[in-house]
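>>> Whatever this is, show me its structure:
(2 chains)
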Amino acid sequence: MSSVASYLKNQKDIAPLVTLRVLFGFMMAFSVVRFAAHGWIYDMYVEPDYYFTYLGFSWVRPLGEIGMYVLYGVMFLASVGVMLGYRYRLSSALFFLSFTYVELIDKTNYLNHYYFVSLIAFLLCIVPAHGALSMDVRTGRIEKLRTVPAWMVDIFKLQVGILYFFAGIAKLNPYWIIEAMPLRMWLPTKSHFPLIGPLLEMPETAYLFSWGGAAYDLFIAFFLLYRPTRFWAYLTVGFFHLMTAALFQIGMFPYIMIFLTTIFFSDPVHHRFHDYLRRLIPIGESSGAVAYRLTSRLMYPILVLFFTIQLLMPFRYLMYEAPLFWAEQGYRFSWRVMLMEKAGAATFRVEDSEGRIEYVSNYDHLTAQQEKMMATQPDMILQYAHHLAAHYTAQGWIEPRVYCDSRVSLNGRRSQPLVDTNVNLAAEPRGWREKKWIMKFDKSK
Amino acid sequence: MKTKLIQRKNINQIAGGLCFLLFLLIASCSDGDSPAPTPEPETNLAELRAAIAENIAENYIKLSFASLKTKNDLFIVAAENFTGSPSVENLNKLRAAHKDLWLSWQPAAIYQMGPTTTNALRAAINTYPTDADLIESNVSAGTWTIGAISNRAAEGLPAVDYLINNTTGSDEDIIASYIDDSARGDYLIGLVSYLDTKISVSTDQWQNGEFINAFTATSANGTDVGSALGMLINAIDLHVQRFLRDGKVAIPSGVRSAGIARPKATESYYGGFDRELLIAALEAYEGLFDGGGQSSILTYLRALDEGDLATNVAQQIDDAISLSNGLNDSFAQQIEDDNQQMINVFMELQELVTLIKSDVSSVIGITITNQDVDGD
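The predicted structure is shown next:
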């Protein structure tokens, strides 16, 4: 107990935290611009007629076309504020709230790295990362900080470590390890690449990447923590993520990881980076610097809860009988990254007591992206079925029943029915209970 | 003292580096224990993808549009002959040319991408059901704006279908309606000219434009969004669902409207050759998937060791053709006689959609979505 107490009293140089703040703010500002430039604000949050909300978060709605652009505008300004350390407490809170709000609108757009961004943004809200190299210090809004409690730096290492380690554990499954799936399907699609192209068609390469990727995820955080291996580990981080960036369309994630893993660097490296920045942009900070003293202990239980939940989330799938990859019960928020190739088609039939029968054109209700995500994920199939029931009721149908004929192909196997076609999904409740209407998965097909 | 420190630091770094290399070595060596990897595919997939793009561009897309253009030119002549001197003979010649053009559109219609999309060619050629009231009010008013979106349902081949095949009277009545009111012939020629403009521009762009070059370029050799296979399979997915399954069969049969059939929503309601149009479309798919003995989507599936899937896809198209062959020439008539037959064809086409959306796209590594979004 005393060691915990003394750890909490430990102080560390603020420098790693400041680097993280600057790089994260910069990356997020860039990401927002990139997102808008692709037209995704419209495609994802304006165009759809229906949104797949998260259980308990159905109150999170898109804000309309102007509202969404304003929200992204706020997100952009907030990320610039974070980068510059300008009214940092407000900026970091605004960024966390706006980003997380957007992510909660539609689970179609769920990505592990968005979840990661939300978590980092939350942690940044509770630390004084503007204690140096910031507008707030320059303008005298706050005192310049030399050190912060050690845990304020370490929580970021823990967060990055959790992401990697759980991503590694998730890869320890028969598809990934024994079949080298899905890389064995994905890599050959890049075989027109110069130089490495022909290698990508070889199954041996898929095995090398699968096994190497699993080992990387499992151990990289430890090699980054351990000073003697840090330099080589960071080179590997760069190589690994740049490779994935070249091979897969995963957006900003590789760059976010390359930047955020700098949190593991030793203080002098950060100071050299800060001196470089100071030369680039004369900031003119005061020279005095103090240690940051925490005045409230409120954060301790919150952080314990924050990390405990994260450690448990990836294992919640154990509560369900149906295979995880097939039924996806407890799949999200668990660092299961690029873990499977899944594609499907779902046809919905609606009937009512007056003998009306209709086959639904999904494209009348969903965007192509929503339809694709829905077709393979049972919880989304159920939500959509409920939406259809409501839609047809509004059209004057009497207690419509909704049936789904879905065929899903998992990791290169032939497609099989995902949902029991005889079950009226309109009558099945949403929730965390086992979904009994999910069909058995025949792995041998 | 200082040098000693540096030395120690270096030794630590070297030791750490060696440690890490050892780890990498172990990680990569363990690869050797992996259970018998399947033999290397005999075909070079990248080359095969390039060959598929080449074959489809040259022997399918370009040829389809060349044929569309030829039929269009014959159609113009027939239309001008008919409006110039309305007679039963000229009417029948025009009907034949119109049907030929419509049939030749079926293979070209598959490629819902590139110039077809940018020129909104499909909507211009084949918007149905046609709006007979709007056509009549245009003709009686004597003014119209062809090409306006509001007038789209009174244009294209289905509108011409109404103008030359409307069977409320005899052929003589049709001819008389053109002699009595020159606006009718003017409207017909207006439609024909607009089609000609659209078809000529699109055909030219398909034959010589940048799109087809991009389609066959090395950079389009993958399977991602923007690659030849990615674009092609997304175009097929869109077309099979919306225009083959839904437009030709599902919507008229009423499966999209609470089971209430809509016989007037058939493709050639007045000419009554819906079956031929459907079969032409299905046969176009049969040919495209097969590749005419050259590299094709089915060849690619076989190269991926998915021969069963290739067989299933070919069989599914075949089944749809056989079942469609049993339908009446006129789907309106078929719906009246026995709509279940239509629904059965819908089911077969639905199976085809499922195969494309789940198995084919997954195995080839195509994302069925026109959004170019990030994954993780």
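
>>> so what does the one helix or strand B:Phe65 maps to touch, helix or strand wise?
Element membership for B:Phe65 (DSSP states H and E) is helix B:62-84. For helix B:62-84, the elements it packs on are helix B:88-109, helix B:182-208, judged by 3 or more CB pairs under 8 Å, 6 or more residues apart in numbering or on different chains; DSSP states H and E. From N, CA and C alone the C-beta is placed, and that goes for glycine too.

>>> Residue of the stretch 201-350 of chain B closest to chain A, please.
B:Asn221 (3.6 Å; CB to the nearest CB).

>>> so what's the closest residue to that residue other than its chain neighbours up against?
Using CB to CB, 6 or more residues apart in numbering or on different chains and skipping residues adjacent in sequence, the residue nearest B:Asn221 is A:His192, 3.6 Å away. Neighbouring residues of A:His192 by CB atoms under 8 Å, 6 or more residues apart in numbering or on different chains: B:Ala46, B:Arg49, B:Ala50, B:Thr218, B:Asn221, B:Gly222.

>>> Would you mind listing what in the stretch 251-376 of chain B touches chain A?
B:255-259, B:308-309, B:346, B:350, B:353-355, B:357-359, B:361-365, B:367-376 (CB under 8 Å from any CB of the partner chain).

>>> Share the number of residues neighbouring A:Leu318, please.
9 (other CB atoms under 10 Å in any protein chain shown).

>>> wait, A:Glu47
Neighbours around A:Glu47, by other CB under 10 Å: 15.

>>> Could you find the closest non-adjacent residue to it?
A:Thr367 (6.1 Å).

>>> and what of B:Ala281?
B:Gln106 (4.3 Å).

>>> And B:Met113, by the same measure?
Per CB to CB, 6+ apart, closest to B:Met113 is B:Ala235, 4.5 Å.

>>> And for that neighbour, the neighbour number?
The burial count for B:Ala235: 19, using other CB under 10 Å.

>>> quick check: angle from the helix or strand hosting B:Asp133 to helix B:182-208?
Element membership for B:Asp133 (DSSP H and E) is helix B:132-141. Using axes from the mean of the first three to the mean of the last three CA atoms, to 10 degrees, the direction of helix B:132-141 lies 120 degrees away from that of helix B:182-208.

>>> List only buried entries from the contacts of A:His192.
B:Ala46, B:Arg49, B:Ala50, B:Asn221, B:Gly222 (16 or more other CB atoms under 10 Å in any protein chain shown).

>>> start to end distance for stretch A:436-445?
22 Å (CA to CA, to the nearest Å).

>>> for the record, mean pLDDT for it?
The average pLDDT for stretch A:436-445 rounds to 90.

>>> again, but for stretch A:327-337
95.

>>> do stretch A:121-139 as well
Stretch A:121-139 comes out at a mean pLDDT of 94.

>>> Check for me that A:Cys404 belongs to a strand.
Yes: under DSSP: H, G, I helix; E, B strand; the rest coil, A:Cys404 sits within a strand.

>>> quick one: A:Gly56 from chain B, how far?
Using CB to the nearest CB, to the nearest Å, A:Gly56 is found at 23 Å from chain B.

>>> and that residue, which of the three is it?
A:Gly56 ends up coil, using three-state DSSP.

>>> do you know how far the closest residue to A:Phe30 other than its chain neighbours is from A:Gly238?
Nearest residue to A:Phe30 in three dimensions, chain neighbours excluded: A:Met252, at 7.5 Å (CB to CB, 6+ apart). For A:Met252, the distance to A:Gly238 (CB to CB, to the nearest Å) stands at 15 Å.

>>> what do you get for B:Ile110?
On the measure of CB to CB, B:Ile110 and A:Gly238 end up 44 Å apart.

>>> re earlier: which phi and psi does the residue nearest to A:Phe30 have?
phi -80, psi -10 (degrees, to the nearest 10).

>>> next one: A:Pro417
Per degrees, to the nearest 10, the backbone of A:Pro417 is at phi -70, psi 130.

>>> Neighbours of the nearest residue to it once chain neighbours are set aside, how many?
Computed as CB to CB, 6+ apart, the closest residue to A:Pro417 that is not its neighbour in sequence is A:Met439, at 4.9 Å. A:Met439 has 18 neighbouring residues, counting by other CB under 10 Å.

>>> Likewise for A:Ala345?
For A:Ala345, the neighbour count with other CB under 10 Å is 29.

>>> again, but for A:Ile196
With other CB under 10 Å as criterion, A:Ile196 counts 14.

>>> Distance-wise, check it relative to chain B.
Taking CB to the nearest CB, one finds A:Ile196 at 11 Å from chain B.

>>> Relative to B:Gly226, how far out is that residue?
20 Å.

>>> And A:Phe222, by the same measure?
On the measure of CB to CB, A:Phe222 and B:Gly226 end up 39 Å apart.

>>> Repeat that for B:Phe215.
For B:Phe215, the distance to B:Gly226 - CB to CB - is 10 Å.

>>> Of those two, which one has the most company?
For B:Phe215 versus B:Gly226, neighbours defined as other CB under 10 Å are more numerous around B:Phe215 (23 against 11).

>>> The closest residue to that one other than its chain neighbours: how many residues sit nearby?
Take B:Phe215 and drop its neighbours on the chain: the residue closest to it by CB to CB, 6+ apart is B:Ala228, 4.9 Å away. When neighbours are defined as other CB under 10 Å, B:Ala228 has 24 of them.

>>> Surely B:Ala228 is in contact with B:Asn221?
Yes: assessed by CB atoms under 8 Å, B:Ala228 is found in contact with B:Asn221 at 7.2 Å.

>>> What segments of the chain are strands?
No chain was given, so I picked chain A. Ranges of strands within chain A are A:11-13, A:145-149, A:290-291, A:342-351, A:357-359, A:401-410, A:416-417, based on DSSP state E.

>>> Least reliable of those strands by average pLDDT, please.
strand A:290-291 (a mean of 86).

>>> what comes into contact with that strand?
A:Gln11, A:Glu143, A:Lys144, A:Leu145, A:Arg146, A:Thr147, A:Val148.

>>> which of the residues you listed are buried?
A:Gln11, A:Lys144, A:Leu145, A:Arg146, A:Thr147, A:Val148.

>>> Name the nearest residue to the fourth one, sequence neighbours excluded.
Leaving out its chain neighbours, the residue that sits closest to A:Arg146 by CB to CB, 6+ apart is A:Ala289, at 3.6 Å.

>>> My read is that the one you found contacts A:Leu133, right?
No: A:Ala289 lies out of contact with A:Leu133 (CB under 8 Å); the separation is 11.3 Å.

>>> Just want to know which of those two has more residues nearby.
More crowded of A:Ala289 and A:Leu133, by other CB under 10 Å: A:Leu133, with 26 against 15.

>>> any idea how far the closest residue to chain B within the stretch 251-400 of chain A lies from A:Phe209?
Residue nearest to chain B within the stretch 251-400 of chain A (CB to the nearest CB): A:Gly251, separated by 3.2 Å. Separation of A:Gly251 from A:Phe209 (CB to CB): 20 Å.
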